[in-house]
Every structure is written in C-alpha cells, then in structure tokens.
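Colleague: got a predicted structure here, sequence first:
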Amino acid sequence: MDMEKKTFRSGPYKDFFAQGVQAGNVLYLAGQVGMDGSGAVSKDIVKQADQAYRNIREVLKEFGATMDNVVDETWFVTDISEIMANAEPIFSARAACYGGVPEVSQTLVQVSGLVMPELKIEIKCIAHL
Amino acid sequence: MDMEKKTFRSGPYKDFFAQGVQAGNVLYLAGQVGMDGSGAVSKDIVKQADQAYRNIREVLKEFGATMDNVVDETWFVTDISEIMANAEPIFSARAACYGGVPEVSQTLVQVSGLVMPELKIEIKCIAHL
Amino acid sequence: MDMEKKTFRSGPYKDFFAQGVQAGNVLYLAGQVGMDGSGAVSKDIVKQADQAYRNIREVLKEFGATMDNVVDETWFVTDISEIMANAEPIFSARAACYGGVPEVSQTLVQVSGLVMPELKIEIKCIAHL
C-alpha cells in the first residue's frame, strides 16, 4: 500500500478508533462531543457545543493544524428546536473557537440518539492540511 | 497554513457557513434542501428532491463544476417509506438533473428532523474537480 | 472535466448509484448494510455488522484496496443501546475483518430508520488509495 496514514488516539475508545486520521493532506476527525477531559458533560447545549469545538481544536493540534484547516462540518443533534432557540450563543462560541467567521460548509440533522443519553450534539469535521 | 480554500456563501445562513468549500480539488457542499430562491418549500417530496438537486447544481456552478463532478451523496430524509413509494419520480428527477445515470456513491438514512419542519430531504454532496 | 472517476456498481440499486467511486486517490463507498449476496439479513446485530464489513471489503477489492485503506467510518444505527450491549463481539468481528486494530476515525449516531426495516446498522466509509 502506497498510502500513509497518521493517526491520533485518545480517550476511552482509543483501542477501537482514532480521534483523527490523516491521509495525504486530508484529515478526518471522529465525531466530537461536549465531554471534557474529566468525562463531564454539561446539561447546557451551548456549553456542549463549545466543548465539542474545543475538542476538535485539540485533535487538530495533534496534526499541526488549526480551526482554519476545517473545511466541512456535519452536526448531529438530538433537538434542532433547542439548537435554533440557542443559535446566537452557540454560533458565538463557535466563532470564538474559529477566531472569526469560519470558511466551512455545514450540514445539520436531528438524530434520534447519540452515544450517551446526555449528549445533545456531535460534530464531525473534515480538515485539509 | 499552506492550504487554500475557495468558498461560496449564499442564503439566510451565509454568516455562519458556506454553501461550498473547495480545498485542493475537493469540494464539500453544505447539505442542500428543497427550498427555492424565494424561500418556498413544496409539500411534495418529488419537488423537494428536484429542488435540492437544482440547488446543488447552482453551488457547483460557482466553482466551475457540474453534476458530473459529484462523487458522493448522503441523503438525510424524514420518511424513508415516502421515498420508496416515490422512488421512480424522485430518481427520474435526479437523472434529469445529472443528465443521465450518475457516477456517485450514495447513503440513505432516515433522521428524526431537518432544519425546518416542512423539509423532507437534505442532500450532502462531495465533488472532485 | 479533468477529473476521472472509477466506479463499481452492484446489487439491486446499481442503476441508481455506485457501491464505490474513486476520484484521484480518494474512494467513497456507499453505505454498506448487513445483507449478504443472497439478499438475506440476519436479525442479529453482530452478524449484521460483520456482514456489512465483509461487503465493505468486497467493494474495496474492486478498487485493488483492502481494509487498511479505510480512513473514516460513519455508523448509522437504529439502536445505540443494542450496539453498546454487544460492543465486544461487534468490535471483535470488526477487528477480524480489519486484521487488527484499525487506523480509522469513527462517528456513531442513532437514526430513526434505515433503507429496510430489518436493518440495524449501515456503515459509510471513505478510503484513500
């Protein structure tokens, strides 16, 4: 095989999948959720979204990348109406993490569940390096 | 950062994300729905699917691309049984938009909601230029 | 158009989409489910996951690729609690198909339905060649 992969593993599922895989100049990130390093998950959707972006930034850092490298986001959320009702603080937290208006495409869908019942949002990103 | 992005922004969410982001020769499109330029959404699943493809074609055009450049589709729909019951006209409208049998992979899942209650389908595409 | 695509078509939907599309060195696979060549679908989630991976491997083979080429997985499942309750045999079957610990990112979401009522899991993969 000619293709070379670089991977970063972390967290409770590190034996099952990587948080990020780089092939060539494309970096695929595992879906990131609003859980901090201690395993805590806030009940607040704004804090969950903010923490998910912080986690994305941490994974990017392992590849020498920043939020500027993100090109595509898919948001899987459990309650779109809650997202819409909190759109302003959520998108403000996101803009703060990106350091401005992000140059990304985005897709938003409501799913019937995430990997833990308390999770309200999971964000899957693709970055180019 | 070495990576260069080209983006196209349009519509009510243009301050939050782009409808398309090109990095290298890969073009990521935001999920497209069956809303026309006036903001109208048909109740008819066939018309929604047709309009979503027209919107995809418009985004592609901004990058000098056509439907031939699409390589991957993910369909997020709210009622798979309605898709199946209308598969023939939906896929005919799609074939008309592609101008023939498309050379794309496809994934179809039923989600519990899209960004507006009246939406029945959202199509996320990746294109290569 | 400069871009060249290579596609592989198979199965009942081959007139509508390809099971795999390669553009440059990126290979997009259609979501694979736990249906075998005869059309049979097991009621057992472990067997469905195992069959989905066997189907992924078959598609890869058509492009001269192996499981080592997979970089990203999205799991769309109908019951996350059933996945969690069967995580050990499911991930063992997956490891057997990969031939070890896979170097992939993964996203897992629960959707409200898949293309046939008896399906419990659909896996969408991206590979680099």
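Modeller: Thanks, I have it.
Colleague: wait, residue A:102 sits on residue A:96?
Modeller: No: under the criterion of C-beta atoms under 8 Å, residue A:102 is not in contact with residue A:96, lying 11.0 Å apart. C-beta here means a position set from N, CA and C on the backbone, and glycine is covered the same way.
Colleague: neighbour count: these two, which is higher?
Modeller: residue A:102 (22 against 11; other C-beta atoms under 10 Å in any protein chain shown).
Colleague: now residue A:118, nearest residue through space, not along the chain?
Modeller: Leaving out its chain neighbours, the residue that sits closest to residue A:118 by C-beta to C-beta, 6 or more residues apart in numbering or on different chains is residue A:41, at 4.9 Å.
Colleague: got the buried residues for the longest helix that chain A contains?
Modeller: Assignment by DSSP state H gives helix A:45-61 as the longest helix of chain A. Neighbour counts over helix A:45-61 (16 or more other C-beta atoms under 10 Å in any protein chain shown) mark A:45-53, A:55-57, A:59-60 as buried.
Colleague: close to chain B, is it?
Modeller: No: using C-beta under 8 Å from any C-beta of the partner chain, helix A:45-61 stays clear of chain B, with a minimum separation of 11.3 Å.
Colleague: quick one: the strands in chain A, in order.
Modeller: Using DSSP state E, the strands found in chain A span residues A:5-8, A:20-23, A:26-29, A:32-33, A:70-77, A:105-110, A:121-128.
Colleague: can I get the ones you listed in a markdown table with distance to residue B:90 and mean neighbour count?
Modeller: A markdown table is the format used below for the strands of chain A (distance: least, C-beta to C-beta, whole Å; neighbours: other C-beta atoms under 10 Å in any protein chain shown):
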| stretch | distance to residue B:90 | mean neighbour count |
| --- | --- | --- |
| strand A:5-8 | 37 | 18 |
| strand A:20-23 | 34 | 26 |
| strand A:26-29 | 30 | 26 |
| strand A:32-33 | 33 | 22 |
| strand A:70-77 | 23 | 25 |
| strand A:105-110 | 19 | 24 |
| strand A:121-128 | 26 | 24 |
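Colleague: those strands into CSV, with extra columns for distance to residue C:85?
Modeller: Formatted as CSV, those follow (distance: least, C-beta to C-beta, whole Å):
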stretch, distance to residue C:85
strand A:5-8, 28
strand A:20-23, 27
strand A:26-29, 27
strand A:32-33, 20
strand A:70-77, 21
strand A:105-110, 24
strand A:121-128, 20
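Colleague: now do the phi/psi pair for residue A:111.
Modeller: When read as degrees, to the nearest 10, the backbone of residue A:111 gives phi -100, psi 170.
Colleague: next up, the contacts around it.
Modeller: Neighbouring residues of residue A:111 by C-beta atoms under 8 Å, 6 or more residues apart in numbering or on different chains: A:76, A:77, A:78, B:111, B:112, C:109, C:110, C:111, C:112.
Colleague: give me that answer again for 10 Å
Modeller: Residues counted as contacts of residue A:111 (C-beta atoms under 10 Å, 6 or more residues apart in numbering or on different chains) are A:75-78, A:121-122, B:76, B:109-113, C:76, C:80, C:109-112.
Colleague: now do residue A:129
Modeller: Residue A:129 makes contact with A:6, A:22, A:24-27, A:60, A:63-65, A:69, B:1-3, B:23 under the criterion C-beta under 10 Å, 6+ apart.
Colleague: and the pLDDT at it?
Modeller: Residue A:129 carries a pLDDT value of 96.
Colleague: tally of neighbours for the closest residue to it other than its chain neighbours?
Modeller: With sequence-adjacent residues excluded and distances taken as C-beta to C-beta, 6+ apart, residue A:129 is closest to residue A:25, at 4.7 Å. Using other C-beta under 10 Å, residue A:25 has 14 neighbouring residues.
Colleague: who's in contact with residue A:25?
Modeller: Residue A:25 touches A:69, A:127, A:128, A:129, B:2, B:3, B:23, B:24, B:26, counting by C-beta under 10 Å, 6+ apart.
Colleague: ok, now with 7 Å
Modeller: A:128, A:129, B:24 (C-beta atoms under 7 Å, 6 or more residues apart in numbering or on different chains).
Colleague: what do you get for residue A:48?
Modeller: A:34, A:41, A:42, A:120, A:121.
Colleague: apart from its chain neighbours, what residue comes closest to it?
Modeller: Spatial nearest neighbour of residue A:48, chain neighbours left out: residue A:34 (2.9 Å); criterion: C-beta to C-beta, 6+ apart.
Colleague: repeat that for residue A:113.
Modeller: Per C-beta to C-beta, 6+ apart, closest to residue A:113 is residue C:110, 3.4 Å.
Colleague: return the distance of that neighbour relative to residue A:36.
Modeller: According to C-beta to C-beta, to the nearest Å, residue C:110 stands 23 Å off from residue A:36.
Colleague: now do residue A:102
Modeller: If you measure residue A:102 against residue A:36 using C-beta to C-beta, the figure is 22 Å.
Colleague: surely residue A:120 and residue A:75 touch.
Modeller: No: Residue A:120 lies out of contact with residue A:75 (C-beta atoms under 7 Å); the separation is 10.5 Å.
Colleague: count of neighbours near residue A:98?
Modeller: Count around residue A:98 with other C-beta under 10 Å applied: 18.
Colleague: what sits against the residue lying closest to residue A:30 once chain neighbours are set aside?
Modeller: Nearest non-adjacent residue to residue A:30, counting by C-beta to C-beta, 6+ apart: residue C:105, 4.1 Å away. Listed by C-beta under 7 Å, 6+ apart, the contact set of residue C:105 reads A:17, A:18, A:19, A:20, A:21, A:28, A:29, A:30, C:72.
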